[in-house]
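> got a predicted structure here, sequence first:
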Amino acid sequence: MRQAVSHANPYLLGLAILVISLAYLFRALRWGALLAPLCPAGLRNLYIATTVGFGAVFLLGRTGEVVRPVVLPMLDTKIRPSASFVTIMVERIYDMIAVVLLFAVNLIWFQPPANAGVEFGRVRTAGIALLLVALAGVFGLTQFRKKSPGAIGWIKRKLEGRRFVPARLTRAILSILEQLAGALRVLVNARELAVTVGWSAMIWFTIALANLLVFRAFGLPFGVTQTVFVLGWSLVGSLVPTPGGAAGAFHAATAAGLISLGVQRDTAAAISIVLHIVDFGPALIFGVYYIVRGDINLSRLRAKTSSESVEHAVEDEPILTEELFAQTELNAATARD
């Protein structure tokens, strides 16, 4: 790895880091668009929470996902904790659909190299299957959003009639479902859908560009199709719950994608490690900066990210009736106008 990195182009690697830093700004802007129907937030607080959160993911793995939605309410007390958590869930849905869509569409005209190490017919079949699952998921979420008042009311009646379901658990489930229904308004509102899809496109364009720059820094003559192909493998690895921001699983999946394109094993390992650092390292630097500057209190953050604190934060959210749900919709529409 050291030998491979020593021959990499440092200027292209530096440019990749700058591009990824821009991607975090786009993530903050998209998060703000997802939060808008529930409780608007300032861009500065969104960017701080985004970088601190992804820095935590780099250090702690997927358990660090809880940091980002906890940090934002600490910075802005007007932000509901449950709204923050739910919009992160919607973000993950956007990102998974975006990468699956890119991966599947890219496979249509992707031409594997002659020395490919995998059967690309099976890869194409898997890509199409993932796309169909993603589209089915979007359809299901859209239907839930349209029928959410009745569906949530039905779930409430069923849960409240069960003695073995604790009242605290019932309140938590109902609160999450109601906030999720509010956040999913972006799927049925043309303007909000266009805004969030637009920011998602900018996010993944910059991520793909940064990955391409890393590949070129190592002398690989990759283009857009090869970059998106490897990006799909990386996503699969990042979904595996391991410590350190999917360390190990991300590297193995990314390296496997590179090896399937004919890249030597040692070079593929080096690229996967550097790519991981480029994707998450800038967030860690920004996060440490904001903590040192005093924007984030570490002791308070540790207390807020405990499982019990997160549970109580969700439970304390008000439960909406159908009338209040409709009033929330009216208020959001008025504010947008």
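Looks like it came in fine.
> and Glu160, how far is that from Leu235?
Distance, Glu160 to Leu235, using Cβ to Cβ, to the nearest Å: 39 Å. Just so you know, the C-beta spots here come from the backbone N, C-alpha and C atoms, and that holds for glycine as well.
> so for the two, which sits in the more crowded spot?
Under the criterion of other Cβ atoms under 10 Å, the comparison of Glu160 against Leu235 puts Leu235 first, with 21 against 11.
> thought that one was touching Met96?
Yes - contact between Leu235 and Met96 holds when scored by Cβ atoms under 8 Å: they sit 7.3 Å apart.
> show me the shaky parts of the chain.
By pLDDT under 70, the weakly predicted segments of the chain are 62-63, 112-123, 161-165, 179, 182-183, 185-186, 188, 239-247, 298-337.
> what do you get if the cut-off is 50, keeping everything else the same?
Per-residue confidence of the chain (counting by pLDDT under 50) places the weak regions at 117, 307-308, 318-328, 331, 335.
> contacting residues around the residue nearest the centre of the chain?
With distances taken as Cα atoms, centre = their mean, the residue of the chain nearest its centroid is Arg92 (3.9 Å). Listed by Cβ atoms under 8 Å, 6 or more residues apart in numbering, Arg92 has no contact partners.
> separation between it and Leu60?
In this structure, Arg92 lies at 17 Å from Leu60, with Cβ to Cβ as the measure.
> go on, Trp154?
Distance of Trp154 to Leu60, computed by Cβ to Cβ: 37 Å.
> ok, Arg145 next?
Arg145 is 32 Å from Leu60, by Cβ to Cβ.
> which of those two has more neighbours?
For Arg145 versus Leu60, the count of surrounding residues by other Cβ under 10 Å is larger for Arg145: 19 against 16.
> grab the nearest non-local neighbour of the more buried one.
Leaving aside its sequence neighbours, Arg145 sits nearest to Leu184 (Cβ to Cβ, 6 or more residues apart in numbering; 4.0 Å).
> what count of nearby residues applies to the one you found?
For Leu184, the tally of surrounding residues (other Cβ under 10 Å) stands at 22.
> with Trp154 instead?
Around Trp154 there are 11 residues (other Cβ under 10 Å).
> now do Gly219
Around Gly219 sit 12 other residues, with neighbours defined as other Cβ under 10 Å.
> what's it sitting at in phi/psi?
phi 80, psi 10 (degrees, to the nearest 10).
> wait, it sits on Leu12?
No - when contacts are counted by Cβ under 8 Å, Gly219 is not listed as touching Leu12 (10.0 Å).
> tell me what the helix or strand harbouring Ser234 is packed against?
Remark: Ser234 resides in helix 224-238, with elements defined by DSSP states H and E. Using 3 or more Cβ pairs under 8 Å, 6 or more residues apart in numbering; DSSP states H and E as the contact test, the elements touching helix 224-238 are helix 81-109, helix 190-217, helix 243-246, helix 249-260.
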